[in-house]
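K.L.:
Provided below are the primary sequence and the corresponding predicted coordinates.
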Amino acid sequence: MVRSGIVDSPPEPEELLTPSEVAAMFRVNPKTVTRWARSGKISAIRTLGGHRRFRATEIRKFLEQVEEGTEA
């Protein structure tokens, strides 16, 4: 759709990670990532099939905090 010369483009889809991908980043078991999500340490998005996915931007921020020793 065009409004006053500006083309509206759909928002870019956010990169989502699987529990296994997050686990590899932190060098932990995927079950640990699931526990973090259940406890509220990180937020998860549920797919239509009920699987958890994690926002890459949020996970990278959390990884930086953990590496600095200022875990939330």
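P.N.:
Cool, got the structure.
K.L.:
can you give me phi and psi for Glu21?
P.N.:
Torsion angles at Glu21 (phi, psi; degrees, to the nearest 10) stand at phi -70, psi -40.
K.L.:
go on, Ile45?
P.N.:
Ile45 adopts backbone torsions of phi -110, psi 140, taken as degrees, to the nearest 10.
K.L.:
Phe54 - how many residues pack around it?
P.N.:
23 (other CB atoms under 10 Å). Every C-beta, even on glycine, is put in place using the N, C-alpha and C of the backbone.
K.L.:
ugh, wrong one, Ala56
P.N.:
By other CB under 10 Å, the residues close to Ala56 number 15.
K.L.:
Would you agree it is in contact with Thr18?
P.N.:
No - distance between Ala56 and Thr18: 10.8 Å, which falls outside the contact criterion (CB atoms under 8 Å).
K.L.:
any weak-confidence spans in this protein?
P.N.:
Along the chain, segments meeting pLDDT under 70 span 1-10, 70-72.
K.L.:
for it, which helix is longest?
P.N.:
Of all segments of type helix in the chain, defined using DSSP state H, the longest is helix 56-68.
K.L.:
which stretches of the chain form helices?
P.N.:
Under DSSP H, the chain gives helices at 19-26, 30-39, 56-68.
K.L.:
I'd like to know which of these is closest to Thr47.
P.N.:
helix 19-26 (11.7 Å; CB to CB).
K.L.:
looking at the helices of the chain, which is closest to Arg46?
P.N.:
helix 30-39 (9.8 Å).
K.L.:
List the contacts of the closest one.
P.N.:
Applying CB atoms under 8 Å, 6 or more residues apart in numbering, the contact partners of helix 30-39 are Pro19, Ser20, Val22, Ala23, Phe26, Ile42, Ser43, Ala44, Arg52, Phe54.
K.L.:
Next one: the spatially most central residue of the chain from Gly69, what distance?
P.N.:
Among the residues of the chain, the one closest to the centroid is Arg55, at 1.9 Å (CA atoms, centre = their mean). Distance, Arg55 to Gly69, by CB to CB, to the nearest Å: 23 Å.
K.L.:
same thing with Thr32?
P.N.:
Plainly put, Thr32 is 18 Å away from Gly69 if you go by CB to CB.
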